[in-house]
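K.L.:
model this:
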Amino acid sequence: MSNSPSLWARARMRVRSVFSIAFLKRAWRRVKAFLFHQVWCGYIFRALIWIDQGVNVIVGPALNFMLLLEAKIRHTNRSLIAKFGFPDETLSSVFGKNKNLSLWCGWIAWGLDKIDRGHTDLAMERDEGLFFGQRIDPKIDPKTGNGIDRNTGKTIRKS
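P.N.:
I've put the predicted structure just below:
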């Protein structure tokens, strides 16, 4: 007969090791790390996007002036240039839209893409923002289906 423990004894040792204090501590560390990552990292990421959108709104008029000045100097079509200052759009999105139309937007987009590969392409929000010369679409009244002008509040009848 050998000195090795029986099958039943080995199974009992495994069960004890699963419920040991060291195992429970390691499991609790993993749970804490998961919760930290899910809660705090997601919160910080959303806060950074909020700050980015706020900077876009605050600095938007100055950046729009620079874009229009560059468009006038380079004789480019202003109606293709995306505007800064839209409250639900990040700076990276506008830089991505303007990287082929503006020299300095192209440089900033190139720098962002060097830091994070494809950043401006992934951050581009095609459904957000406006272009120069583009009018804001009127709101639609859900009851009647008529449009409502955002500036005056008057009803625009469907034709």
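
K.L.:
what is the neighbour count of residue 73?
P.N.:
The local packing count at residue 73 equals 9, with neighbours defined by other CB atoms under 10 Å. The way it works is simple: take the backbone N, C-alpha and C, and place the C-beta from them, glycine included.

K.L.:
err, residue 113, not the other one
P.N.:
Tallying neighbours of residue 113 according to other CB under 10 Å, which is how burial is gauged here, yields 18.

K.L.:
where does it fall, secondary structure wise?
P.N.:
Taking DSSP states H and E as the criterion, the element that holds residue 113 is helix 103-115.

K.L.:
gap between that helix and the chain center?
P.N.:
The chain centre lies 17 Å from the centre of helix 103-115; the measure is CA atoms, centre = their mean, to the nearest Å.

K.L.:
next, the buried residues of the following helix or strand past it.
P.N.:
Of the helices and strands lying after helix 103-115 in sequence (DSSP H and E), the nearest is helix 119-123. When burial is assessed from 16 or more other CB atoms under 10 Å, helix 119-123 yields the following buried residues: 119-120, 123.

K.L.:
list the helices and strands the helix holding residue 113 packs on?
P.N.:
Taking 3 or more CB pairs under 8 Å, 6 or more residues apart in numbering; DSSP states H and E as the contact definition, the neighbouring helices and strands of helix 103-115 are helix 42-74, helix 91-98, helix 119-123.

K.L.:
so which helix or strand of this protein has the lowest pLDDT on average?
P.N.:
Sorting the helices and strands of the chain by mean pLDDT, DSSP states H and E puts strand 139-140 at the bottom, at a mean of 58.

K.L.:
tell me the spacing between residue 21 and residue 97.
P.N.:
56 Å (CB to CB, to the nearest Å).
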